[in-house]
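S.K.: Following is a predicted model, sequence given first.
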Amino acid sequence: TPVLFPDQEPVMIADRVLVPARGVFEAMGAEVTYVPPGDNAGEQVFIQYGSTAISFEIGSSRVAVGKGDVVRTKTLDVSTQMLRDRAMIPIRFVSETIGYRVDWNAAQNRVEITAPESEPPENPAEIQLENRVSLGKNNGALIKDDGTVWVWGDGSWGQLGGLEKSEEPVEVKGISGAVAVACGSRSVYVLKGDGTVWSWGYNGSGELGRESAAQTDTEPGIIPGLSGVQQLSAGSNFVLALDDKGKVWSWGSNRNGQLGLGDTENRGVPEPIEAIDKRVISISAGSDHGAAVAQDQMVWLWGSNSAGQLGRSKSVLRAETPFELKTISRLTKAAAGGNQTIALRPDGSVYMWGTAYVGQPPEGTPEENNLADAEGFYRYTEPQRMRYVYYDQEREEDMLKILTGASMISCGDSHSVALAGGRIYAWGDSALMAYRIKDQIWRLYAQEYAGLDHVAAVYAAKGRDIYALDENGDLWLIDGSGKKKLVNVRA
């Protein structure tokens, strides 16, 4: 990612290249704060990058680097300088401390920042926490510690293995050794530890992937042609699978090009998405679009763009062929929803694009101050870094902080959730949005849910609900009426 410095060129001091601290670190997604001189300290620049805190003192070669409770002092080979009101730091320090490769392109007067490549997913020998629970349109599924699959909700299309309906989770016979589960609108998919994928339920668009002419199948069956699968994700009526070579496969409904195969024809068997010419490390299927993060930490998108979920303008209705989104980089994961896409960076910061639900403004608000369309949705023009609302006790007012340290993200139709520090953060059309937040601007930000501690994983349902798995193995449903414990996955 090139970073240009129109107001301050890099300088050479003692054979060392110095660059503006703010320009470089903000390009990485860090927070940069200038601290004026005080009684006992000189000018300082404070940088917060995920869990890493860095403090430079202007005119000094000493720099403090803190990670958690551990603080170490480093000595630079040239002092930090203040030139034209810009704090200039040695370029070598950035790459050695953060792990990014930072190069100065003297010919074009710019710094080029290259993120470290992410590691590909490991062989799925254990149950995948992020894919242990999945919620479809009218049903849910989970994996217990023994590798059995349990389902609940509506079974009209065979999703419950033959039952018409069940409010409590029931075991699906004929499937074991599961490590990941994914629910479509009316079908269920399971990834087993041996890398095979199994399916059952509705097959109206070929989403079972088994060349079956039957419209429904209540018994789990293996999908031919897939092996070494590492990850699995289901959209409304289509499915994505990632194999051990970093190749993405797709099948099912293709009305909006969500299979990424360059056309809009349905597929009854898996086909590889050849347009993605890089090794993929993470996949996600939204309602009608797909997202894949490559090993170089760039995101590929395809399918419907009806709500801006592909990060493109309103004039682009869909993309039948995957493309690399150039407006954001340095990503490790992406989550696709109904109207939005959210992504995670290595420092745990969260970005979103697409459409967010903000509701209607108070009665009497001038039309020019209304952010939303007739249905209460606001469309982003580019990826936005997520912040969250908190109540400041001293100031007695709502304040904002950047959401960092997130370890998991998930999307529903019109709401999104993130897990950071064992706490749930939700935004959009979520049951967790506090009643006191009535202004549309504030509804663009996340809110912390404090009603459940020690959360290990969080999952956004298709409606407004959220499911959370705690460290004891209890699965909770969180909705507008509160929280309810459903089942323990260890029992």
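M.R.: Perfect, thanks for sending it. Worth saying up front: this structure is predicted, and the values here are computed from it rather than measured.
S.K.: mind checking how far stretch 242-249 is from the chain centre?
M.R.: Put simply, stretch 242-249 sits 19 Å off its chain's centre (C-alpha atoms, centre = their mean, to the nearest Å).
S.K.: Span of that stretch from start to end?
M.R.: 6 Å (C-alpha to C-alpha, to the nearest Å).
S.K.: Quick one: residues in contact with that stretch.
M.R.: 120-121, 123, 195, 226-232, 240-241, 260, 270-273, 276, 278-283, 290, 292, 295 (C-beta atoms under 8 Å, 6 or more residues apart in numbering). Backbone N, C-alpha and C define where each C-beta goes, glycine included.
S.K.: Could you rerun that using 6 Å?
M.R.: Contact with stretch 242-249 is made by 228-231, 241, 270, 272-273, 276, 279-280, 283, 292, as judged by C-beta atoms under 6 Å, 6 or more residues apart in numbering.
S.K.: what's the answer for stretch 354-362, then?
M.R.: 307-309, 339-341, 370-372, 376-379, 414, 428-429, 440, 443.
S.K.: Filter the contacts of stretch 242-249 down to the buried ones.
M.R.: V229, Q230, Q231, A241, P270, P272, I273, I276, V280, I283, A292 (16 or more other C-beta atoms under 10 Å).
S.K.: Which single one of those residues is nearest to A180?
M.R.: Distance to A180 across those (C-beta to C-beta) is lowest for Q231, with 7.0 Å.
S.K.: Does that closest one touch I281 like I think?
M.R.: No. Between Q231 and I281 there is no contact under C-beta atoms under 6 Å: 8.8 Å.
S.K.: Give me the subset of the contacts of stretch 354-362 lying in strands.
M.R.: Among these, DSSP state E puts Q340, T341, F377, Y378, R379, G428 in strands.
S.K.: hang on, the earlier thing: buried only: go through the contacts of stretch 354-362 for me.
M.R.: Counted by 16+ other C-beta under 10 Å, the contacts of stretch 354-362 give 307-309, 339-341, 371-372, 376-379, 414, 428-429, 440, 443 as buried.
S.K.: what about stretch 273-282, start to end distance?
M.R.: Stretch 273-282: ends 14 Å apart by C-alpha to C-alpha.
S.K.: swap that for stretch 477-491, sorry
M.R.: Distance between the boundary residues of stretch 477-491 (C-alpha to C-alpha) amounts to 18 Å.
S.K.: where does the chain dip in pLDDT?
M.R.: 1-9, 27-29, 39, 50-51, 68-69, 94-104, 106, 108-125, 431-438 (pLDDT under 70).
S.K.: What segments of it are helices?
M.R.: 21-27, 91-98 (DSSP state H).
S.K.: Pull the number of nearby residues for W427.
M.R.: Other residues near W427 number 28, with proximity taken as other C-beta atoms under 10 Å.
S.K.: Pretty sure it sits against A446.
M.R.: Yes. With contact defined as C-beta under 6 Å, W427 reaches A446; the gap is 4.2 Å.
S.K.: Can you pull out the residues in contact with stretch 159-177?
M.R.: 139, 147-152, 154-155, 188, 190, 192-193, 198, 201, 218-220, 487.
S.K.: Quick check: buried residues in that stretch?
M.R.: Buried residues in stretch 159-177 (16+ other C-beta under 10 Å): Q159, L160, G161, L163, S166, P169, V170, V172, I175, G177.
S.K.: same question, stretch 53-72
M.R.: Neighbour-count burial for stretch 53-72, counted by 16+ other C-beta under 10 Å, picks out A53, I54, S55, F56, E57, I58, V63, V65.
S.K.: same deal with stretch 235-252?
M.R.: Those buried within stretch 235-252 under the rule 16+ other C-beta under 10 Å are 235-243, 246, 248-252.
S.K.: Many thanks, we can stop here.
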